[in-house]
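K.L.:
Take a look and give me a structure for this.
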Amino acid sequence: MPTDLPNLLTLSRIAAIPLLVALALAGNPWADFGACVVFSAAAITDYFDGKLARERQQISNFGRMLDPIADKLLVGAALMLLAGTERLTVFGLLPAIVILLREILVSGLREYLAGLAVGLPVTKLAKWKTGFQMGALGTLLAGDSAASVLHLSFLPVSLIGELMLWTAAALTLVTGWDYLQAGLRHAGGPSQRDASQPREPARP
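P.N.:
Here you go, the predicted model:
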(Lines give C-alpha, C1' and ligand atoms only; values in the text may rest on other atoms or scores of the structure.)
Protein backbone atom coordinates (compact mmCIF):
# COMPACT_ATOMS: atom_id res chain seq x y z
CA MET A 1 0.00 0.00 0.00
CA PRO A 2 1.24 3.55 -0.70
CA THR A 3 0.62 4.41 2.98
CA ASP A 4 2.95 1.72 4.34
CA LEU A 5 5.95 3.19 6.18
CA PRO A 6 8.54 1.98 3.61
CA ASN A 7 6.57 3.62 0.80
CA LEU A 8 6.12 6.82 2.82
CA LEU A 9 9.89 6.97 3.28
CA THR A 10 10.33 6.56 -0.47
CA LEU A 11 7.79 9.31 -1.14
CA SER A 12 9.63 11.55 1.32
CA ARG A 13 12.67 11.51 -0.98
CA ILE A 14 10.58 13.01 -3.75
CA ALA A 15 8.92 15.49 -1.37
CA ALA A 16 12.36 16.67 -0.21
CA ILE A 17 13.40 17.79 -3.69
CA PRO A 18 11.57 21.18 -3.75
CA LEU A 19 13.06 22.06 -0.34
CA LEU A 20 16.49 20.96 -1.54
CA VAL A 21 16.19 23.16 -4.62
CA ALA A 22 15.07 26.19 -2.59
CA LEU A 23 17.94 25.84 -0.13
CA ALA A 24 20.59 25.25 -2.80
CA LEU A 25 19.44 28.32 -4.74
CA ALA A 26 19.34 30.58 -1.67
CA GLY A 27 23.08 31.11 -1.96
CA ASN A 28 24.14 31.57 1.65
CA PRO A 29 26.24 29.35 3.96
CA TRP A 30 23.42 28.32 6.29
CA ALA A 31 21.20 27.40 3.34
CA ASP A 32 24.05 25.32 1.87
CA PHE A 33 24.35 23.51 5.18
CA GLY A 34 20.58 22.98 5.19
CA ALA A 35 20.70 21.59 1.64
CA CYS A 36 23.34 19.11 2.76
CA VAL A 37 21.21 18.03 5.73
CA VAL A 38 18.04 17.66 3.62
CA PHE A 39 19.84 15.68 0.94
CA SER A 40 21.60 13.43 3.46
CA ALA A 41 18.36 12.72 5.32
CA ALA A 42 16.60 11.88 2.06
CA ALA A 43 19.48 9.64 0.98
CA ILE A 44 19.38 7.73 4.27
CA THR A 45 15.73 6.83 3.68
CA ASP A 46 16.91 4.79 0.67
CA TYR A 47 18.48 2.33 3.13
CA PHE A 48 15.65 2.26 5.62
CA ASP A 49 12.73 1.89 3.20
CA GLY A 50 14.15 -1.34 1.77
CA LYS A 51 15.20 -2.66 5.18
CA LEU A 52 11.78 -2.01 6.72
CA ALA A 53 9.96 -3.44 3.69
CA ARG A 54 11.86 -6.71 4.06
CA GLU A 55 11.54 -6.89 7.84
CA ARG A 56 7.81 -6.11 7.80
CA GLN A 57 7.16 -8.11 4.64
CA GLN A 58 5.67 -5.01 3.04
CA ILE A 59 7.39 -5.36 -0.32
CA SER A 60 4.91 -4.14 -2.93
CA ASN A 61 4.81 -3.45 -6.64
CA PHE A 62 4.20 0.21 -5.83
CA GLY A 63 7.37 0.36 -3.76
CA ARG A 64 9.43 -1.54 -6.32
CA MET A 65 8.28 0.91 -8.99
CA LEU A 66 8.74 4.08 -6.95
CA ASP A 67 12.06 3.37 -5.21
CA PRO A 68 14.37 3.65 -8.25
CA ILE A 69 12.36 6.62 -9.54
CA ALA A 70 12.79 8.48 -6.24
CA ASP A 71 16.53 7.74 -6.23
CA LYS A 72 17.05 9.03 -9.75
CA LEU A 73 14.95 12.15 -9.18
CA LEU A 74 16.94 13.01 -6.07
CA VAL A 75 20.33 12.36 -7.67
CA GLY A 76 19.36 14.13 -10.90
CA ALA A 77 18.12 17.19 -9.02
CA ALA A 78 21.32 17.37 -6.97
CA LEU A 79 23.57 17.05 -10.03
CA MET A 80 21.63 19.75 -11.90
CA LEU A 81 21.78 22.08 -8.91
CA LEU A 82 25.53 21.60 -8.53
CA ALA A 83 26.13 22.22 -12.23
CA GLY A 84 23.67 25.12 -12.49
CA THR A 85 25.05 26.96 -9.48
CA GLU A 86 28.62 26.40 -10.71
CA ARG A 87 29.66 24.44 -7.64
CA LEU A 88 31.39 21.88 -9.82
CA THR A 89 34.69 22.55 -11.48
CA VAL A 90 35.46 20.98 -14.86
CA PHE A 91 37.27 18.32 -12.82
CA GLY A 92 34.02 17.55 -11.01
CA LEU A 93 31.70 17.97 -13.99
CA LEU A 94 33.13 14.97 -15.84
CA PRO A 95 32.21 12.33 -13.20
CA ALA A 96 28.81 14.00 -12.84
CA ILE A 97 28.17 13.41 -16.55
CA VAL A 98 29.29 9.78 -16.21
CA ILE A 99 26.91 9.22 -13.29
CA LEU A 100 23.97 10.84 -15.08
CA LEU A 101 24.53 8.82 -18.26
CA ARG A 102 24.78 5.62 -16.26
CA GLU A 103 21.44 6.33 -14.58
CA ILE A 104 19.82 6.74 -18.00
CA LEU A 105 21.48 3.55 -19.26
CA VAL A 106 20.32 1.44 -16.34
CA SER A 107 16.80 2.87 -16.53
CA GLY A 108 16.60 1.91 -20.20
CA LEU A 109 17.93 -1.59 -19.49
CA ARG A 110 15.47 -2.14 -16.66
CA GLU A 111 12.56 -1.00 -18.83
CA TYR A 112 13.61 -3.34 -21.65
CA LEU A 113 14.26 -6.34 -19.39
CA ALA A 114 10.99 -5.80 -17.52
CA GLY A 115 9.22 -6.63 -20.79
CA LEU A 116 11.07 -9.95 -20.77
CA ALA A 117 10.22 -10.57 -17.10
CA VAL A 118 13.93 -10.32 -16.26
CA GLY A 119 15.22 -8.30 -13.33
CA LEU A 120 18.59 -6.63 -12.77
CA PRO A 121 19.74 -7.51 -9.24
CA VAL A 122 21.53 -4.84 -7.23
CA THR A 123 25.11 -5.96 -6.59
CA LYS A 124 27.24 -5.17 -3.53
CA LEU A 125 29.49 -3.05 -5.72
CA ALA A 126 26.45 -1.05 -6.83
CA LYS A 127 25.63 -0.40 -3.18
CA TRP A 128 29.16 0.91 -2.62
CA LYS A 129 28.67 3.12 -5.65
CA THR A 130 25.47 4.50 -4.20
CA GLY A 131 27.16 5.18 -0.85
CA PHE A 132 30.03 7.15 -2.41
CA GLN A 133 27.65 8.94 -4.76
CA MET A 134 25.28 10.09 -2.04
CA GLY A 135 28.16 11.06 0.23
CA ALA A 136 29.79 13.05 -2.56
CA LEU A 137 26.63 14.92 -3.50
CA GLY A 138 25.85 15.80 0.11
CA THR A 139 29.41 17.07 0.62
CA LEU A 140 29.31 19.14 -2.57
CA LEU A 141 25.96 20.67 -1.64
CA ALA A 142 27.50 21.80 1.64
CA GLY A 143 30.63 23.11 -0.06
CA ASP A 144 33.27 25.32 1.45
CA SER A 145 30.69 27.93 2.48
CA ALA A 146 28.92 25.55 4.87
CA ALA A 147 32.30 24.52 6.25
CA SER A 148 32.92 28.11 7.27
CA VAL A 149 29.65 28.15 9.23
CA LEU A 150 30.80 25.11 11.18
CA HIS A 151 34.27 26.65 11.71
CA LEU A 152 35.82 24.00 9.48
CA SER A 153 37.24 26.35 6.88
CA PHE A 154 40.54 24.48 7.00
CA LEU A 155 38.86 21.51 5.30
CA PRO A 156 38.77 21.52 1.47
CA VAL A 157 35.16 20.31 1.47
CA SER A 158 34.48 20.88 -2.22
CA LEU A 159 37.68 19.08 -3.22
CA ILE A 160 36.83 16.15 -0.96
CA GLY A 161 33.37 16.00 -2.53
CA GLU A 162 34.78 15.97 -6.06
CA LEU A 163 37.26 13.21 -5.18
CA MET A 164 34.38 11.16 -3.76
CA LEU A 165 32.41 11.87 -6.93
CA TRP A 166 35.28 10.51 -9.04
CA THR A 167 35.30 7.36 -6.89
CA ALA A 168 31.56 6.99 -7.42
CA ALA A 169 32.03 7.54 -11.17
CA ALA A 170 34.68 4.80 -11.34
CA LEU A 171 32.34 2.37 -9.57
CA THR A 172 29.56 3.61 -11.86
CA LEU A 173 31.52 2.57 -14.94
CA VAL A 174 32.18 -0.90 -13.53
CA THR A 175 28.61 -1.56 -12.42
CA GLY A 176 27.18 0.04 -15.55
CA TRP A 177 29.26 -2.27 -17.72
CA ASP A 178 28.05 -5.29 -15.72
CA TYR A 179 24.43 -4.24 -16.20
CA LEU A 180 25.00 -3.57 -19.90
CA GLN A 181 26.49 -7.04 -20.41
CA ALA A 182 23.50 -8.58 -18.64
CA GLY A 183 21.14 -6.65 -20.90
CA LEU A 184 23.03 -7.59 -24.06
CA ARG A 185 22.91 -11.28 -23.16
CA HIS A 186 19.12 -11.15 -23.11
CA ALA A 187 18.92 -8.85 -26.14
CA GLY A 188 20.94 -11.33 -28.15
CA GLY A 189 18.34 -14.06 -27.72
CA PRO A 190 15.00 -14.48 -29.48
CA SER A 191 12.18 -12.14 -28.48
CA GLN A 192 9.34 -13.51 -26.40
CA ARG A 193 7.01 -13.34 -29.37
CA ASP A 194 9.45 -15.21 -31.59
CA ALA A 195 10.18 -17.77 -28.89
CA SER A 196 6.47 -18.45 -28.27
CA GLN A 197 5.63 -19.08 -31.92
CA PRO A 198 6.56 -22.40 -33.53
CA ARG A 199 8.97 -22.08 -36.35
CA GLU A 200 7.85 -23.05 -39.81
CA PRO A 201 9.69 -25.98 -41.31
CA ALA A 202 12.26 -25.06 -43.89
CA ARG A 203 10.98 -25.23 -47.44
CA PRO A 204 12.75 -27.68 -49.75
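K.L.:
Could you list the low-pLDDT ranges of this protein?
P.N.:
Counting by pLDDT under 70, the chain contains low-confidence residues at 1-3, 112-122, 182, 186-204.
K.L.:
I'd like to know which elements the helix of greatest length in it is packed against.
P.N.:
The longest helix of the chain (DSSP state H) is helix 157-187. Contact analysis of helix 157-187 by 3 or more CB pairs under 8 Å, 6 or more residues apart in numbering; DSSP states H and E lists helix 90-114, helix 124-149 as its packing neighbours. Just so you know, the C-beta spots here come from the backbone N, C-alpha and C atoms, and that holds for glycine as well.
K.L.:
Just want the angle from it to helix 124-149.
P.N.:
Angle between the axes of helix 157-187 and helix 124-149 is 160 degrees (criterion: axes from the mean of the first three to the mean of the last three CA atoms, to 10 degrees).
K.L.:
got JSON lines for the helices and strands packed on helix 157-187, with distance to Ala168 and mean neighbour count too?
P.N.:
Written out in JSON lines, the entries for the helices and strands packed on helix 157-187 read as follows (distance: least, CB to CB, whole Å; neighbours: other CB atoms under 10 Å):
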{"stretch": "helix 90-114", "distance to Ala168": "6", "mean neighbour count": "16"}
{"stretch": "helix 124-149", "distance to Ala168": "4", "mean neighbour count": "20"}
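K.L.:
Trp177: which of those helices is closest?
P.N.:
helix 90-114 (9.5 Å; CB to CB).
K.L.:
Show me the contact partners of that closest one.
P.N.:
68, 72, 75-76, 79, 82-83, 88, 119-120, 133, 140, 158, 161-162, 165-166, 168-169, 172-173, 175-176, 179-180, 182-183, 186-187 (CB atoms under 8 Å, 6 or more residues apart in numbering).
K.L.:
Drop anything exposed from these.
P.N.:
Neighbour-count burial within these applies to 68, 75, 79, 82, 88, 120, 133, 140, 158, 161-162, 165-166, 168-169, 172, 175-176, 179-180, 182-183; the criterion is 16 or more other CB atoms under 10 Å.
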